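> Kindly generate the corresponding structure for this input.
(2 chains)
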Amino acid sequence: MSDTSETFTLVITGAPYSSQAPQTALGFAKAAIDAGHSIDRIFLYGDGVHLASALCTPPSDETRWPQEWADFLEQHSIPGIACIASALRRGLVNDTEQKRYQLPAANLLHPFEIAGLGEWVEGRMTSTRTLYFHAGG
Amino acid sequence: MSTLIMIDQPPYGSWSGREALDMAFSLAAFDQPASLLFTGAGVTWLKRAQDTAGIAQKSVERNLSAAPIFGIEAILADRSACQKYGLDESSLITGVTLVDANGALLEQYDHTAFAG
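As a prediction, the model looks like this:
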């Protein structure tokens, strides 16, 4: 990699299907990798946690943004983390949280993980740049 | 690395401000210098004696009063937005510093962020 390569932490706060934030972020992430930069991690915050739902089921002629993102994360071994406080409020849980709160289901899409805001703090410290993808409007 | 977390939404119509506050508290918990800037309708967060009994929500005033305890360096409010919303030093909670939210202010920080 050249000396000018960057390491990015991407924070997505806009939900798929109500904002373009996840799509824009994915376009950016792919372009950054193609240009020789690296992505340290993706952090989903606020409404952005909906991107990690295994239950998003758009009509068959529309893009499945959670799956698109999951494939990208797996392909490049990039951690995708949903903020635990944002996730629990919005009904996004993994097996651990399902058991902890005795919920009827878990719906976290692989390879996304659930963790605290410390992941965002750490990402900011280890990346050269942190970018935010908001819902806008 | 100093960070300015900005809140430009009123406290009770949107959750983004509360999540912005959590971001600031989280930075402080990890010993990262963080300050809060309230701009636009966000300055209504800083109104003294908020009564939220009628809307079944927790008052943000208590959260904000915890900011110095958590290690938040400063609570800043945009002077012109405070004037627009009829807030002066007698109607603001204690510990607020009035500033002009402009490029010169933002340049003092390494990192600025909104929650949404």
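> Which residue would be the closest one in chain B to chain A?
residue B:26 (3.7 Å; CB to the nearest CB). In this view, the C-beta of every residue, glycine as well, is placed from N, C-alpha and C.
> What about that residue, how many residues nearby?
Number of residues near residue B:26 (other CB atoms under 10 Å in any protein chain shown) recorded here: 21.
> which parts of chain A sit against chain B?
When proximity is defined as CB under 8 Å from any CB of the partner chain, chain A approaches chain B at A:11, A:13-14, A:45-47, A:85-86, A:89, A:116-118, A:120-122, A:124-125, A:130, A:132, A:134-135.
> Just list the residues touching residue A:54, thanks.
Contacts for residue A:54 (CB atoms under 8 Å, 6 or more residues apart in numbering or on different chains) come out as A:66, A:107, A:108, A:109, A:110.
> Check the gap between it and chain B for me.
23 Å (CB to the nearest CB, to the nearest Å).
> Filter the residues of chain A next to chain B down to the ones in helices?
Taking DSSP state H as the definition of helices, the residues of chain A next to chain B contribute A:85, A:86, A:89, A:118, A:120, A:121, A:122, A:124, A:125.
> Quick one, which of these are buried?
With burial judged by 16 or more other CB atoms under 10 Å in any protein chain shown, the buried subset of these is A:85, A:86, A:120, A:121, A:122, A:124.
> Need the contact partners of the worst-scoring helix or strand of chain B on mean pLDDT.
Across the helices and strands of chain B, mean confidence by mean pLDDT, DSSP states H and E is lowest for helix B:60-65: a mean of 89. Outside helix B:60-65, the residues that touch it by CB under 8 Å, 6+ apart are B:11, B:12, B:17, B:18, B:21, B:45, B:46, B:48, B:49, B:50, B:75, B:93.
> I'd like the next helix or strand past that helix.
Toward the C-terminus, helix B:60-65 is succeeded by helix B:67-70 as the next helix or strand (DSSP states H and E).
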